[in-house]
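In: can you look at this prediction? I've put the sequence above it.
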Amino acid sequence: MRVGTIVQAPRRVTVLVFAAALLMPSLAVACGERAVEVRRIRAGSDAGRLDFRVSLPAGTFGRGELIPLTMRLQNASPRPVIVNKRFEVNDRKAAHAFREVFLRISGPDGRSVRFRLDIMIGFPGAEEFVELPPGGSVESTSDLTSRFALDQPGAYKLTAVYEQDGRGPAVRARMRSNSLAFTLT
């Protein structure tokens with residue numbers, strides 16, 4: 001289990017910057033983090049630890065069958081933490097603003113599996129940000145078959161990376177999940 005570095009901003013300042021970002025995105029981008037007082041938290045400290053895990057309902061799937069990947073983010077700290085619960089999966093090469101999660105999948109030949117979509121997503125809405133109490137978690141499920149070229153039968157390996165770039169009220173975080181293996185028949 002890996003723990004990412006988290007940056008927390010005071011809630012009232014963050015809300016003001018978040019509101020400015022919604023009303024005037026170009027101003028928020030131009031101001032960047034200089035408009036927000038931040039407090040650094042060491043990775044793994046009790047003050048801001050998040051755990052990111054992924055799971056599959058089975059270890060073997062038929063070619064073309066839906067492969068639902070469940071992603072779960074848990075607050076392992078003694079304090080509440082605001083997170084982005086959307087977990088939008090996009091290509092690893094997409095800009096940080098257009099994804100919260102990217103997947104590293106290697107196929108039976110050991111090569112990276114191609115992301116098959118070209119999607120543009122917008123900034124998450126206010127409803128996507130939630131406060132996780134200590135021990136609280138959020139999860140989301142995404143189908144791998146619709147997003148990745150899983151065309152060859154054989155063994156696959158998968159790791160997910162969750163990134164929150166600090167825009168909006170959520171804490172800044174980047175962490176890698178546990179690794180999974182599955183087989184296509």
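Out: Arrived safely, thanks for sending. Numbering: from 1, shown residues only.
In: confirm that Ala170 sits in a strand.
Out: No - secondary structure of Ala170 (DSSP: H, G, I helix; E, B strand; the rest coil): coil, not part of a strand.
In: wait, it touches Phe129, no?
Out: Yes - counting by C-beta atoms under 8 Å, a contact exists between Ala170 and Phe129, whose distance comes to 5.5 Å. Quick note: C-beta positions are derived from backbone N, CA and C, even for glycine.
In: so for those two, which sits in the more crowded spot?
Out: In this comparison of Ala170 against Phe129, neighbours counted by other C-beta atoms under 10 Å, the higher total goes to Ala170 at 26 against 18.
In: pull the contacting residues for that one.
Out: Counting by C-beta atoms under 8 Å, 6 or more residues apart in numbering, Ala170 makes contact with 82-84, 129, 164.
In: same deal with Ser179?
Out: Remark: with contacts taken as C-beta under 8 Å, 6+ apart, Ser179 is in contact with 157-159.
In: ok so, going back, could you find the lowest-pLDDT member of the contacts of Ala170?
Out: Looking at pLDDT alone, these dip lowest at Gln164, where the score is 84.
In: ok, back up a step: show the buried residues in the contacts of Ser179.
Out: With burial judged by 16 or more other C-beta atoms under 10 Å, the buried subset of the contacts of Ser179 is 158-159.
In: what about the most centrally placed residue in the chain, helix or strand, and which?
Out: Residue closest to the average C-alpha location in the chain (C-alpha atoms, centre = their mean): Tyr162, at 2.9 Å. Using DSSP states H and E, Tyr162 falls within strand 154-164.
In: that strand pairs with which strands?
Out: strand 101-106 (antiparallel), strand 173-184 (antiparallel) (DSSP bridges).
In: determine which stretch of those strands is the most buried.
Out: Comparing those on average neighbours per residue, with mean count of other C-beta atoms under 10 Å, the densest one is strand 101-106 at a mean of 20.
In: for that strand, output the C-alpha coordinates as PDB.
Out: Taking only C-alpha atoms (Å, rounded to 0.1, in the frame of the first residue of the first chain), the coordinates of strand 101-106 have been written out as PDB:
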ATOM      1  CA  VAL A 101      -7.200   8.000 -12.300                       C
ATOM      2  CA  PHE A 102      -5.000   6.400 -14.900                       C
ATOM      3  CA  LEU A 103      -4.200   2.700 -15.200                       C
ATOM      4  CA  ARG A 104      -1.000   0.900 -16.100                       C
ATOM      5  CA  ILE A 105      -2.100  -2.400 -17.700                       C
ATOM      6  CA  SER A 106       0.400  -4.800 -19.300                       C
END
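In: how far is that strand from where the chain is centred?
Out: Its chain's average C-alpha position is 11 Å from that of strand 101-106, according to C-alpha atoms, centre = their mean, to the nearest Å.
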